[in-house]
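Enquirer: Next input, structure requested:
(3 chains)
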Amino acid sequence: MFRVPGRLVTCAIILALATSVSAEEARRALVLSSDFATTERFVASMKGVALGVDADLQIHDLTHHIEPFNVWQASYMLAGTIDYWPEGTVFVSVVDPGVGTNRRSVVARTGTGQYVVTPDNGSLTLVADQQGVLEIREIDETVNRRPGSESAHTFHGRDVYAYTGARLAAGVISFEEVGPLLEPKIVRLPYQQPQRLEDDSVVGNITHVEMPFGNIVTNIPKSLIDGLGLSPEDGVTVTVEITQSGKPVFRQEIPYVPSFGYVDQGSPLLYSDSLQTIGLAINSGNFAEQYEVRAGTDWTIRVTRLSARE
Amino acid sequence: MFRVPGRLVTCAIILALATSVSAEEARRALVLSSDFATTERFVASMKGVALGVDADLQIHDLTHHIEPFNVWQASYMLAGTIDYWPEGTVFVSVVDPGVGTNRRSVVARTGTGQYVVTPDNGSLTLVADQQGVLEIREIDETVNRRPGSESAHTFHGRDVYAYTGARLAAGVISFEEVGPLLEPKIVRLPYQQPQRLEDDSVVGNITHVEMPFGNIVTNIPKSLIDGLGLSPEDGVTVTVEITQSGKPVFRQEIPYVPSFGYVDQGSPLLYSDSLQTIGLAINSGNFAEQYEVRAGTDWTIRVTRLSARE
Amino acid sequence: MFRVPGRLVTCAIILALATSVSAEEARRALVLSSDFATTERFVASMKGVALGVDADLQIHDLTHHIEPFNVWQASYMLAGTIDYWPEGTVFVSVVDPGVGTNRRSVVARTGTGQYVVTPDNGSLTLVADQQGVLEIREIDETVNRRPGSESAHTFHGRDVYAYTGARLAAGVISFEEVGPLLEPKIVRLPYQQPQRLEDDSVVGNITHVEMPFGNIVTNIPKSLIDGLGLSPEDGVTVTVEITQSGKPVFRQEIPYVPSFGYVDQGSPLLYSDSLQTIGLAINSGNFAEQYEVRAGTDWTIRVTRLSARE
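Expert: Next comes the predicted model:
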């Protein structure tokens, strides 16, 4: 075996430290989210720019199949994914119907220790409510903009957001070097917070439609329904009303059951999903399609005990 | 130039060894396969959890577009891809219609030296037949489960399969540390093995429909058809019968030819594909759509020499 | 603190150099582009083969959703993305309707310092015109072919293109070791170059249809339209004619405006896009679908000043 004199051990320690520090720097993943789809060249251009900043970056996709211009969905995707990524991960979320207008370009530091690079157009709404937004900085484009991109060829997702996100993930800039600190007030999309009404009904928002199954995801926690004295084990029936911007879309009496198999195939059910929030589905069917229900800020759901209204 | 004394060379050797060993450890890729699609946040959550285990993992997608709940297709995708990945690669395959039931969660070591992390629900069927399954271990969820995931928020693909796969790929655990060794008996989906019948016909299974072209992939090796004395160069015609669960779906006399251009546009053909197995197609058309033929355990194909039955 | 004698500093420098050189070697990304979609196992097989060459490769997708066999689109995707990737990046582009024929398999070195591994079937057309092709080498398949792939199981995208691309990206081979230098003449798809005609109209090619919006991308630079004395700020109307292989498909008088909002919803407009080329769109609509216009070598567009023809 080798003889390892003291000095060389010292050398090994120094180098090991140096290596681990620089490795640590490179360990923040960059996660991209957009409505660009993967059929065009836009996503690949963003990745090329990011690798130009640091050839060793870990780059991943959240999804690029957000409905075009649907900022609410962008917000839902971020808030539903962030918790599962390591601290320090940098998310770049570009759903930007206002490109070219004066919406701010920001980086938010979340309560869970991650970063979101995004136009401040509402995409941080659910992140602020679920993970929290501790600080926001406006991107200083005099520094954090792809060199040579100050022309009509500009594509902000690539030249500002992917570029800045890559620099932050690679440790080329610190969060402080993103740009000036802003008032910690983001643009929020208003939506129906879940709450119990005086008449013993519960209201909330339709947050998402899960594809390709068409199941309805709401923001009503199971605990609120528990508070009405209702349990899926009791085989109760509730009245479910869905409105869009106040206009009625759906109203029906539906069983509240533990899972799909408790109702006939083709029948609707109310249930508590894996996140302990209330959902709607059709056993072996597609609720969203059949009843033309969608998700978003203007979609509200109300669940009422039958007995409470009779 | 530098003067390099003996001791320092020793130091360099030691460090080089250390580096190469740890690099070796990190060199197993993690490959994800599922029916989750890429429109939702599920795949991204799995990747986040995997990078939380090891920030330097190589993570790739096999496909996330398996038909929902189609375990057979999951099996086909694994068996058709594994051979092209390096030894030690860890595949995570999650098509799990039985989530919440008592199917076992396992890691299989294949005859080709790779690992498959999956619910044991049939997804290993074709891997067992093609690559071989040498050992299976049941995942010990008291150890190999994402910390903090023991609640109603559980999503096994993320909390058990991606997490365990990442630990194995990263070298955090050895194969032995996955959990207890099981009898090497996997859940197998039964299907028609290719064979020659006494009346000089050949039967087999319809394994797959290749999208978007709609070509039919079977498990009948060209050699079995050779055995009937038939060659694509001879311009012969054969009788092809397709049944689903024994019910006839298709019966027609079809030319057996070297490739598409040997028949008119819009005409069906029998041919030998790049894997030397027998396939069915329509020249410039979609066989699966036109004749409503699908793939799976219950789909059987029979090829007969015309002369043999006349 | 540590005492760091001179010799050990030397050691550290030597090792740091060694590390940075080998890291440099590994820093070329491999970018894959094809018409294979992501529903099948083909893309994953290519990636497995590439990681078998070098387990640390950075592998990314340009897109795998090119229309099947559409070599023109392959060319468009390459030319539109290459500029945003670091020097040395290796692109593998496989849209190969001629697989099995004697089209050459090549690697092109571009004027921007990147490499494209591809069948020479026209996929380099727009790269040659936009980035330039400085040198082409034919792939020597006696060396640059996946070992064990010399059989009927051959899939060139995997066994030749991905394999050679990975070797080049990983620094296993140099560009010279790809194979013999060819005459720098690629297979070119002919298309209408943008030009001004004598009657004060401008002609060009319809290069692409941007999905899912259906906007028409042309190769006519804004400057050519400027040359007609037309400016989007002036509220002018032009005559737009579109032909496919010389046959008229569309003819209409259309306003030339700065952006979508300048015309009514549902109305067509001519505008200058972010690349300073002329495009066609319908405000809140899909031009390509509504007027059945596609892109490709045989699609020509002509823009004429109204006054010029009156």
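Enquirer: Helices along chain A, start to end?
Expert: Counting by DSSP state H, one finds helices in chain A at the ranges A:6-25, A:42-53, A:71-81, A:125-130, A:156, A:163-170, A:222-226, A:287-291, A:306-309.
Enquirer: Centre-most residue in chain A?
Expert: By CA atoms, centre = their mean, chain A has its centre lying nearest to residue A:78, at 1.6 Å.
Enquirer: Verify the stated contact: residue A:129 with residue A:79.
Expert: Yes: contact criterion CB atoms under 8 Å: residue A:129 and residue A:79 qualify, at 7.4 Å. For every residue, glycine as well, the C-beta is placed using N, CA and C.
Enquirer: between those two, who's got more neighbours?
Expert: residue A:79 (22 against 15; other CB atoms under 10 Å in any protein chain shown).
Enquirer: Give me the nearest residue to that one, chain neighbours excluded.
Expert: Distances taken as CB to CB, 6 or more residues apart in numbering or on different chains place residue A:126 nearest to residue A:79, at 3.7 Å, with adjacent residues excluded.
Enquirer: What of residue A:304?
Expert: Here the residue nearest residue A:304, using CB to CB, 6+ apart, is residue A:201, at 3.9 Å.
Enquirer: Would you confirm that that neighbour contacts residue A:300?
Expert: No: using CB under 8 Å, residue A:201 is not in contact with residue A:300, being 11.6 Å away.
Enquirer: before we move on, the earlier item: what's the neighbour count on the residue nearest to residue A:79?
Expert: 24.
Enquirer: OK, contacts around it?
Expert: Contact analysis of residue A:126 by CB atoms under 8 Å, 6 or more residues apart in numbering or on different chains lists A:75, A:76, A:78, A:79, A:80, A:207.
Enquirer: And residue A:101, what's its pLDDT?
Expert: Looking at residue A:101, its pLDDT is 67.
Enquirer: Quick check: residue A:161 vs chain B, distance?
Expert: Noted for residue A:161: a distance of 17 Å to chain B, by CB to the nearest CB, to the nearest Å.
Enquirer: do residue A:206 as well
Expert: Look at residue A:206 and chain B: by CB to the nearest CB, they are 16 Å apart.
Enquirer: Now that residue. Nearest residue, chain neighbours left out?
Expert: Per CB to CB, 6+ apart, closest to residue A:206 is residue A:299, 3.8 Å.
Enquirer: contacting residues for the one you found?
Expert: So residue A:299 contacts A:205, A:206, A:242, A:243, A:244, A:293 (CB under 8 Å, 6+ apart).
Enquirer: Please list all residues in contact with residue A:160.
Expert: By CB under 8 Å, 6+ apart, the contact list for residue A:160 reads A:105, A:139, A:141, A:144, A:145, A:146.
Enquirer: re the thing from before, what residues are bridge-paired with the residue nearest to residue A:206?
Expert: Taking DSSP bridges as the rule, residue A:299 bridges to residue A:244.
Enquirer: Could you report the neighbour count for residue A:147?
Expert: 8.
Enquirer: Just give me the neighbour total for residue A:246.
Expert: Neighbours of residue A:246 under the rule other CB under 10 Å: 7.
Enquirer: which residue sits closest to it, ignoring its sequence neighbours?
Expert: residue A:300 is the one closest to residue A:246 (CB to CB, 6+ apart), at 7.9 Å.
Enquirer: what about the one you found, neighbour count?
Expert: Counted with other CB under 10 Å, residue A:300 comes out at 19.
Enquirer: same deal with residue A:165?
Expert: Residue A:165: 33 neighbours (other CB under 10 Å).
Enquirer: same deal with residue A:55?
Expert: Using other CB under 10 Å, residue A:55 is surrounded by 18 other residues.
Enquirer: pLDDT added to the contacts of residue A:126, as JSON lines?
Expert: Formatted as JSON lines, the contacts of residue A:126 follow (pLDDT from 0 to 100):
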{"residue": "A:75", "pLDDT": "97"}
{"residue": "A:76", "pLDDT": "96"}
{"residue": "A:78", "pLDDT": "98"}
{"residue": "A:79", "pLDDT": "96"}
{"residue": "A:80", "pLDDT": "94"}
{"residue": "A:207", "pLDDT": "95"}
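Enquirer: closest to chain B among the residues you listed?
Expert: Among these, residue A:80 lies closest to chain B (CB to the nearest CB), at 4.6 Å.
Enquirer: For the stretch 101-250 of chain A, which residues are neighbours of chain B?
Expert: A:210, A:211, A:212, A:213 (CB under 8 Å from any CB of the partner chain).
Enquirer: switch the cut-off to 10 Å
Expert: Residues of the stretch 101-250 of chain A lying close to chain B (CB under 10 Å from any CB of the partner chain) are A:114, A:208, A:210, A:211, A:212, A:213, A:222.
Enquirer: excluding its backbone neighbours, what's nearest residue A:45?
Expert: Using CB to CB, 6+ apart, the nearest residue to residue A:45 is residue C:84, at 4.3 Å.
Enquirer: Wait, the one you found touches residue A:162, no?
Expert: Yes: between residue C:84 and residue A:162 there is a contact under CB atoms under 10 Å: 9.3 Å.
Enquirer: and for the two, which residues touch both?
Expert: Taking CB atoms under 10 Å, 6 or more residues apart in numbering or on different chains as the criterion, residue C:84 and residue A:162 both touch A:42, A:45, A:46, A:47, A:48, A:49, A:50, A:51, A:52, A:146, A:155.
Enquirer: So which of those is the closest to residue A:135?
Expert: Taking CB to CB as the measure, residue A:50 is the one of the shared contacts of residue C:84 and residue A:162 closest to residue A:135, at 22.9 Å.
Enquirer: For that closest one, give me its contacts.
Expert: Counting by CB under 10 Å, 6+ apart, residue A:50 makes contact with A:30, A:32, A:57, A:59, A:90, A:92, A:158, A:161-167, A:169-170, C:60, C:84.
Enquirer: ok, 7 Å please
Expert: Listed by CB atoms under 7 Å, 6 or more residues apart in numbering or on different chains, the contact set of residue A:50 reads A:30, A:57, A:59, A:162, A:165, A:166.
Enquirer: just checking, the fourth one touches residue A:48?
Expert: The reference is to residue A:162. No: in this structure, residue A:162 is not within contact of residue A:48 by CB atoms under 7 Å, at 8.9 Å.
Enquirer: More neighbours: which of the two?
Expert: For residue A:162 versus residue A:48, the count of surrounding residues by other CB under 10 Å is larger for residue A:162: 32 against 24.
Enquirer: Which residue is the nearest non-sequential neighbour of that one?
Expert: In space, and not counting its chain neighbours, residue A:162 is closest to residue A:46: 3.9 Å by CB to CB, 6+ apart.
Enquirer: Pretty sure the one you found sits against residue A:32.
Expert: Yes: in this structure residue A:46 lies within contact range of residue A:32 using CB under 7 Å: 6.1 Å.
Enquirer: what's the neighbour count on residue A:278?
Expert: 27.
Enquirer: ok, now residue A:73?
Expert: 24.
Enquirer: these two touch, right, it and residue A:67?
Expert: Yes: when contacts are counted by CB under 7 Å, residue A:73 is listed as touching residue A:67 (5.6 Å).
Enquirer: wait, what's in contact with residue A:263?
Expert: Contacts of residue A:263 (CB under 7 Å, 6+ apart): A:255, A:257, A:269, A:283.
Enquirer: Filter those residues down to the buried ones, ChimeraX style.
Expert: The ChimeraX selection below is limited to those of the contacts of residue A:263 classed as buried (16 or more other CB atoms under 10 Å in any protein chain shown):
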select /A:255,257,269,283
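Enquirer: which one of the contacts of residue A:263 is nearest chain C?
Expert: Checking the contacts of residue A:263 against chain C by CB to the nearest CB gives residue A:283 as the nearest, at 27.1 Å.
Enquirer: which residues are in contact with stretch A:129-149?
Expert: Residues from elsewhere that reach stretch A:129-149 (CB under 7 Å, 6+ apart): A:49, A:79, A:82, A:104-112, A:124, A:127, A:159-160, A:163-164, A:167, A:175, A:178-182, A:184, A:186.
Enquirer: Out of these, name the ones that lie in strands.
Expert: Per DSSP state E, strands hold the following members of the contacts of stretch A:129-149: A:105, A:106, A:107, A:108, A:109, A:110, A:181, A:182.
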